[in-house]
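**Student:** my questions are about this predicted structure, shown below with the sequence.
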Amino acid sequence: MMGKFPIFFLLLFLAALAAALFGAAHNQLSYSVGPTYFTEFKFDQFQIAEDTPNRLGASMVGVLASWWMGPLIGLPAFLYGLIAVPKARTYLAAGLGAIFLVVLLTTFGALTGLIGGLVADNTGLLDPYLTFRDGPTRSDFLRAGFMHDASYLGGALGLIAAFFPMRRARKIDHHTASQEAQNAAT
């Protein structure tokens, strides 16, 4: 098993990969519910070539918009684990658990945002408070835009939640070390 320091960099890479894959998959759903959000806004923002197929373009936007969030969100917990979790194997398992937890919370955030966007679209409840961009239809902007923004909120919650697997791993390693010391003494 490699040491904890190389695992730290592996976890950062895996977090970037997970975030990129999440962004690509997320944008397939958000493109389905809000295509003009992409064709009239995001493709221009991310300079996606006009001849790029829309679904591929949506995935490209997702990767470009999110890959960096994985390492950014994971960094505090991974640093904490690097220092606090004694065993490399436990640190790796906790890091993978943290990545999974962040993806889960971000998915929950995205789906909550989609529901919020659908409610806002169908009720018009927020129309007096929102300024709609030129280009995307109001419905597409609400559906895909709420989904997009809520994903970032889910990721922010993940930044906090990512510490829980690391703290648990620290407790497990300390408990295991204590048990091993007791067994060696008897």
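**Tutor:** Looks like it arrived, so ask away. Just so it is clear, the structure is predicted and the values come from calculations on it, not from any experiment. Numbering: from 1, shown residues only.
**Student:** quick one: the closest residue to residue 121 other than its chain neighbours from residue 120, how far?
**Tutor:** Once flanking residues are discounted, residue 121 sits nearest to residue 142: 4.5 Å by Cβ to Cβ, 6 or more residues apart in numbering. C-beta: built from backbone N, CA, C; applies to glycine. Separation of residue 142 from residue 120 (Cβ to Cβ, to the nearest Å): 5 Å.
**Student:** list the residues that contact both of the two?
**Tutor:** Shared contacts of residue 142 and residue 120 (Cβ atoms under 8 Å, 6 or more residues apart in numbering): residue 126.
**Student:** quick one: find the helix or strand in the protein with the lowest mean pLDDT.
**Tutor:** helix 163-185 (a mean of 90; mean pLDDT, DSSP states H and E).
**Student:** quick one: that one to chain centroid distance?
**Tutor:** 29 Å (Cα atoms, centre = their mean, to the nearest Å).
**Student:** ok, stretch 24-42 next?
**Tutor:** So, by Cα atoms, centre = their mean, the centroid of stretch 24-42 is 17 Å from its chain's centroid.
**Student:** how far does it stretch from start to finish?
**Tutor:** Using Cα to Cα, to the nearest Å, one end of stretch 24-42 lies 13 Å from the other.
**Student:** mind listing what's buried in stretch 112-128?
**Tutor:** 112-114, 116-118, 120-121 (16 or more other Cβ atoms under 10 Å).
**Student:** how about the contacts made by residue 150?
**Tutor:** 109-110, 112-114, 116.
**Student:** meant to ask about residue 40, not that
**Tutor:** Going by Cβ under 8 Å, 6+ apart, residue 40 touches 133, 135-136.
**Student:** got it, and residue 15?
**Tutor:** Residue 15 touches 70-71, 73-74, 78, 99, 102, counting by Cβ under 8 Å, 6+ apart.
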